[in-house]
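Participant: need coordinates for the below:
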Amino acid sequence: MLVQALLLAAAGFLAGAVNAVAGGGSLIVFPALLATGLAPLPATVTNSVTQGPGFLGATASQRADLRGRPRRLLHTSIATVFGTLGGCALLLLLPSGVFDAVVPALMVVAALLMAFQQRIQRWLSRSHSGDRTGLLLGGTFLVSIYGGYFGGARSIVLIALLMLTSSDEVRRLNALKNWLALVDSAVTLVVFALLAPVHWLAVLVLTPTTVAGGFVGGKLSRLLPATALRHVVVVFALAVAVWMVLR
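Facilitator: You can find the predicted model right below:
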């Protein structure tokens, strides 16, 4: 138990720091939970529950950037709530064998999105023009289904969608991304706390260490190369996906 607690504490701290610098910290916590002996489903719901505090801090610090477009904030929040509920329902209602088979593929997709994040964002910044409300709301709904079902690298998918569908400053879009991720996390917390096999002892270990890692990562974000750190997480996630297929 002590070794497992230390492993989770280290993973939580590292994930918080990685989220602050590059994003994708959930791809570190998930395999750490698997390494403690949890099955993929309990590991996923536990991982989802631990993600909220980091987004709460980010949203609080960026609340000024959320002002000015109340209709967009309201409509995307509603799409996020319903999409996340749909993803949670899929996770809880589909046979566990489906989830076990799909998770390695989702980890590969998440890793590839992290690997090509900057290229995708540069392409989107050149290709989109104007606001595309229908695509924004539909895309937010679909991303939220993914967030409720698995959630790895959800923030990367979300910021790419926002850059594609909204002509706004990146700073404001990042604040909207953090708010929607917080809404997603709040919904999953309520649903999984009531209906899913959350490992609450792991949550107690991970939550404070993730917050601490985020604080330290925020301080180090000006010094560490985000691209190099992102590539380390990508390789790690791909290795875990291969291990899950072969085990």
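Participant: ok, longest helix in the chain?
Facilitator: Ranked by number of residues, the top helix in the chain under DSSP state H is helix 170-195.
Participant: separation between the most centrally placed residue in the chain and residue 64?
Facilitator: Residue closest to the average C-alpha location in the chain (Cα atoms, centre = their mean): residue 154, at 3.9 Å. Going from residue 154 to residue 64 by Cβ to Cβ, to the nearest Å gives 24 Å. No exception for glycine: its C-beta is placed from N, CA and C like everyone else's.
Participant: looking at it, residue 103 is touching residue 41, isn't it?
Facilitator: No. Using Cβ atoms under 8 Å, residue 103 is not in contact with residue 41, being 9.0 Å away.
Participant: for the two, indicate the residue with more neighbours.
Facilitator: More neighbours surround residue 103 than the other of residue 103 and residue 41, with 23 against 16 (other Cβ atoms under 10 Å).
Participant: excluding its backbone neighbours, what's nearest the more buried one?
Facilitator: Distances taken as Cβ to Cβ, 6 or more residues apart in numbering place residue 40 nearest to residue 103, at 5.2 Å, with adjacent residues excluded.
Participant: quick one, what contacts the closest residue to residue 173 other than its chain neighbours?
Facilitator: Using Cβ to Cβ, 6+ apart and skipping residues adjacent in sequence, the residue nearest residue 173 is residue 162, 4.4 Å away. Residue 162 is in contact with 136, 173, 176, 177, counting by Cβ atoms under 8 Å, 6 or more residues apart in numbering.
Participant: check the gap between the second one and residue 109 for me.
Facilitator: By that I understand residue 173. Distance, residue 173 to residue 109, using Cβ to Cβ: 22 Å.
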